[in-house]
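1. with the sequence up front, the predicted model follows.
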Amino acid sequence: MPLPIGQRLHARQLQTTLQVIKKIGEGTQGEVYLVDGPQGYQTVKWYKPEQATPDQQDAIAYLVRTGPPYGTAGKRFIWPLDLVTAEGSKQFGYLMTRIDTQRFAELGEVWAHLKPVPGISALCEISYQLANSYRALHLSGHCYRDISAGNLMFDPKTGDVLICDNDNVGVNRQSHCQVWGTLEYMAPELIREESDPSTETDLHALAVLLFYLWVWHHPFHGELEYRYHCWDIPAKKQVYGISPIFVFDPYKTANRLPDDPDYTVARDRWAICPPALKALFIRAFTEGLENPGRRVTEGEWQNLFLSLKDHIVPCPWCRAENAIAENLPSVSCWHCKSRIPAPPFLMIRRPGGNSSLALAIGVALRSLHIAPGTGNENGAQEIGRVVSHPSIPGAAGIRNLSDSTWLVAFPDGTTSSVPSGKAVPLNPKTTITIDGISCTIMPPFPELP
């Protein structure tokens, strides 16, 4: 039964009393309530009678005992804090932190224009954080089993992510679960009942969620879905599991986007996806459908979105964000169609492989660019920033914001030390050594004659 306002609840491990303030949401498994207690306002998910099973209670107790994955990646999970019961009731629930719904948005709110549309930089950050957190979860030996847009909230401006409804997390390929996923996100082998939920089926669901974030469309909603007059469970199983075909499959054309205005947004948003992102989506929804071992891993997504974010430049005329490669002389702005000339790039030569950073005004050089995995917890510490010259129009430099002195070698052979607070001019072929890592300013790719 639903909880009445004023109902007192008991948090088992914390040994505290909570009071129900109001109901704030409902899902297939239970209802969510705002509660008040010693820690202030928090929330409780209260299971419906048919979901309040001994197995589910054991699963919550296990999650409370083990806690979320370590580090920043784990902090994004709204993890069960404690098992919650009510006197005289066989139902139960779990306690979790309260989400700031003014700051964090659901994808549906963005589609309905109730919250701002994330720019490309924020989309890269959302996508990176998702991949990063699910990678941490999988490395801990667990699978999520219900990755979907319904369990994601994000800050449209910064790209910060929260992952909700973590009560179905379990040990990979071992623990029992009442939920196998949301049908449109489920891997084909799950729908065909050939497999149990696992990290491999999570990878398919993650790819679908990322596609929704970037294209605002399901990867299999094309002509095959369009022709169904009754979009019921058998139809969905056919499209998602029995004979799924990617709408942008380069070889199979039976499920292309229909020639209908309702599909214009998907077509347009796919067109502005960077080529490297398109390539991973194509692999995820072609090879990955038949061979789970060929699915795109969280690490691959993570590396892609870090790289894409490093190649974003604003349009000088409309300020729309655009991704540009260092081997292109220019890019056409997706918004105003104006030509954006390529900026210089910083080529960073690290032991684990080279990377590059587009040096547009305002771009930050962070600790993760120089030494991934070091510095502060997520490598976001700003150690440099591209700034305009205070008196020379069009000139710019990289200001040293780190605590160390940079060693600079100029193209004419001279060298200099640049202490914190000073800037290095963006002269092509200038090499900056930062904490032993060599970084060279490369000129913009020349226009063809």
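-> Yep, it's here.

2. which residue packs closest to Thr201, ignoring adjacent ones?
-> Ala187 (4.0 Å; C-beta to C-beta, 6 or more residues apart in numbering). No exception for glycine: its C-beta is placed from N, CA and C like everyone else's.

3. the one you found touches Pro292, doesn't it?
-> Yes - applying C-beta atoms under 8 Å, one finds Ala187 in contact with Pro292, separated by 7.1 Å.

4. overlap in contacts of the two?
-> Glu200, Thr201, His204 (C-beta atoms under 8 Å, 6 or more residues apart in numbering).

5. what stretches of the stretch 251-400 of the chain score poorly on pLDDT?
-> Along the stretch 251-400 of the chain, the model assigns pLDDT under 70 to residues 373-379.

6. please redo it, this time with the cut-off set to 90
-> Across the stretch 251-400 of the chain, the ranges flagged by pLDDT under 90 are 325-331, 341-342, 350-354, 368, 371-381, 390-391, 393-394.

7. show me the helices in it, by range?
-> 264-271, 275-284, 287-290, 298-309, 367-370 (DSSP state H, counting those that start in this stretch).

8. can you point out the buried residues in the fourth one?
-> Neighbour-count burial for helix 298-309, counted by 16 or more other C-beta atoms under 10 Å, picks out Glu298, Glu300, Trp301, Gln302, Asn303, Leu304, Phe305, Leu306, Ser307, Leu308, Lys309.

9. related to what we said a few turns ago, now for the residue nearest to Thr201: which residues touch it?
-> Ala187 neighbours (C-beta under 8 Å, 6+ apart): Ser195, Glu200, Thr201, His204, Ala205, Pro292.

10. cool, Leu139 as well?
-> By C-beta under 8 Å, 6+ apart, Leu139 lies in contact with Pro69.

11. quick check: pLDDT value at it.
-> At Leu139, the model reports a pLDDT of 96.

12. again, but for Pro446
-> Looking at Pro446, the pLDDT reads 60.

13. ok, now Ser175?
-> pLDDT, Ser175: 56.

14. and the strand or helix carrying Arg65, what's its mean pLDDT?
-> Following DSSP states H and E, the helix or strand that holds Arg65 is helix 54-66. Mean pLDDT, computed over helix 54-66, is 94.

15. report the buried residues of that helix.
-> Buried residues in helix 54-66 (16+ other C-beta under 10 Å): Gln56, Gln57, Ala59, Ile60, Ala61, Leu63, Val64.

16. ok so, going back, now the helices of the stretch 251-400 of the chain in a markdown table, with distance to Cys336?
-> Shown next, in a markdown table, are these (distance: least, C-beta to C-beta, whole Å):
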| stretch | distance to Cys336 |
| --- | --- |
| helix 264-271 | 14 |
| helix 275-284 | 21 |
| helix 287-290 | 36 |
| helix 298-309 | 21 |
| helix 367-370 | 30 |
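
17. which one of those helices lies nearest to Ala409?
-> Of all these, helix 367-370 sits nearest to Ala409, with 16.9 Å by C-beta to C-beta.

18. list the helices and strands the closest one packs on?
-> Helix 367-370 is packed against strand 345-350, with contacts defined by 3 or more C-beta pairs under 8 Å, 6 or more residues apart in numbering; DSSP states H and E.

19. contacts for the strand it packs on, please.
-> For strand 345-350, using C-beta under 8 Å, 6+ apart, the contacting residues are 326, 354-359, 365, 369-372, 398, 432, 437-442, 444.

20. show me those residues that map onto strands.
-> Those of those mapping onto strands are 354-358, 365, 398, 432, 437-442, per DSSP state E.

21. quick one: which of the residues you listed is most hemmed in?
-> Neighbour counts for the ones in strands among the contacts of strand 345-350 (other C-beta atoms under 10 Å) peak at Ile398, which has 29 neighbours.

22. next secondary structure element downstream of the longest helix along the chain?
-> The longest helix of the chain (DSSP state H) is helix 120-139. Downstream of helix 120-139, the first helix or strand assigned by DSSP H and E is strand 142-143.

23. and the helix holding Arg65, what does it pack onto?
-> Applying 3+ C-beta pairs under 8 Å, 6+ apart, we find helix 54-66 packed against strand 82-85, strand 92-96.

24. point to the residue nearest the middle of the protein.
-> Computing the C-alpha centroid of the chain and ranking residues by C-alpha atoms, centre = their mean puts Ser127 first, at 2.3 Å.
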